[in-house]
Structure formats: C-alpha cells, structure tokens
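Student: dropping the sequence and predicted coords here.
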Amino acid sequence: MILKKGFFFIIVFISLNVFSQETTLDKVSQETCEYLDSDEMKSLDVDKRTEKLGLFILNLYNKYEEEFNKDGIVVNFYDGSDAASKFGEQVGINMAKFCPDALIALAEDINEEPVEELFEVTGSLVGVVGDEFSTVILKDEEGKTQKFLWLQNFKGSDQLIQSLENLNASSNVTLIYNNIECYSPQLKDYIIRKVIVELTFVD
C-alpha cells in the first residue's frame, strides 16, 4: 500500500517549518487534501479511505511525473523497493501544511479500529466431522468438548489435513480461534460460532 498507516502518526509530531517547499509536491498535497475531504471519501470506512488515498497519490504522480522529474523527485514503482511507500509518506507529511485536521481525524479513525479478539484453548483432538463445512471437535484440559468451524485456510491446517487419518486421544493441540455471528435459519436468529485461526500440534 502506497500510504503506510504509520505516517499518520508521524505528522502529529513534526513541526510545520521543516516541510519541503517543492511546488509540485505542494500541488499534489493540496489536491490530495481536497480528495480526502470529498463526500466520496467521507462515505468510506477507514481501510477503504487509506487504500483509495494511496491510489489517488499514485495517479497524481503519474499526472505530474514530468514536473516531479524536473524537481528531482523520481519514483520507480516497479523495481520492488519501498519507493512508493516513501513517496506516499512524503506527500502525507507535506499534506499537514494544508489539511492537518483531516489527517489527524484519519489517524484517530485508524487508531480506533476494532481489534479482532482471539481466544486460545489446548486439548486433545476428538475428530473432524462435516460434509460441506468441517467442524473440529476438541476435548479441552477440563474435559469439556468444544466444536470449532474450519472455514478457511489457517496456519497449521496443512498439518491437520495430513494427520486426519491418524487422529487419536493423544493428538494434543493448541487452537486459536475467534467468534463470529452466523445466521441460523432453524432458529431464525444469529448465533455465535468459533472459527479456527491457527492450530499447533503439541508434542
């Protein structure tokens, strides 16, 4: 991603008098500020906003590439380096001259993003059942049987697949999962299901 989230926090602590005075950079920064303040951007969640902001800056570089080259700012987006990210950060820092409040607000939105809550349980694998979707059954250390949905590829899934034929009571694992809401047609309501995020076999 051209715009790294980290640069939003950097701008808060940098004094305005150290910003570059590059004319083309100022032009791009102002246009990006206007885009950030547009109705289109305000209607998006924070991830989409940062993604679109990065693409917008990339397009502006292409638009003003000749002017940037004259100013000594040459960016190769295709050489596998982090030049694109550094350019995005440069524009982002310079934007603080024109729309500091908007950048701080975006930084606060990023900081307030909900963090996915993960849980961990250790126990012995009882088995894996299901046709369309698999359910991993585990007996935890307290002897309680728990069920976990296997909905996607996760760290440790390859080893689990290889071990399916040899699962037994001595197959101990540590399992990390999160909770998601699923709609139950039978209950006509949403219910919580545990979804596997990571699985590690314990020796």
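Tutor: Received, thanks. Numbering: from 1, shown residues only.

Student: burial check on residue 31, number of neighbours?
Tutor: 19 (other C-beta atoms under 10 Å). Bear in mind the C-beta positions are built from the backbone N, C-alpha and C, glycine included.

Student: for residue 140, same thing?
Tutor: Applying other C-beta under 10 Å, we find 13 residues neighbouring residue 140.

Student: OK, contacts around it?
Tutor: 121-123, 146 (C-beta atoms under 8 Å, 6 or more residues apart in numbering).

Student: buried set for stretch 155-175?
Tutor: 156, 160, 167, 171-173, 175 (16 or more other C-beta atoms under 10 Å).

Student: cool, and stretch 41-57?
Tutor: By neighbour count on 16+ other C-beta under 10 Å, the buried set for stretch 41-57 is 41, 46, 49-50, 52-54, 56-57.

Student: give me the lowest-pLDDT entry from those residues.
Tutor: Least confident of the buried residues of stretch 41-57 in the model: residue 46, at 83.

Student: Throw the buried residues of stretch 41-57 into JSON lines and include distance to residue 68 and secondary structure, thanks.
Tutor: Formatted as JSON lines, the buried residues of stretch 41-57 follow (distance: C-beta to C-beta, whole Å; DSSP: H, G, I helix; E, B strand; the rest coil):
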{"residue": "41", "distance to residue 68": "24", "secondary structure": "helix"}
{"residue": "46", "distance to residue 68": "28", "secondary structure": "helix"}
{"residue": "49", "distance to residue 68": "24", "secondary structure": "helix"}
{"residue": "50", "distance to residue 68": "22", "secondary structure": "helix"}
{"residue": "52", "distance to residue 68": "21", "secondary structure": "helix"}
{"residue": "53", "distance to residue 68": "18", "secondary structure": "helix"}
{"residue": "54", "distance to residue 68": "17", "secondary structure": "helix"}
{"residue": "56", "distance to residue 68": "15", "secondary structure": "helix"}
{"residue": "57", "distance to residue 68": "12", "secondary structure": "helix"}
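
Student: that'll do, ta.
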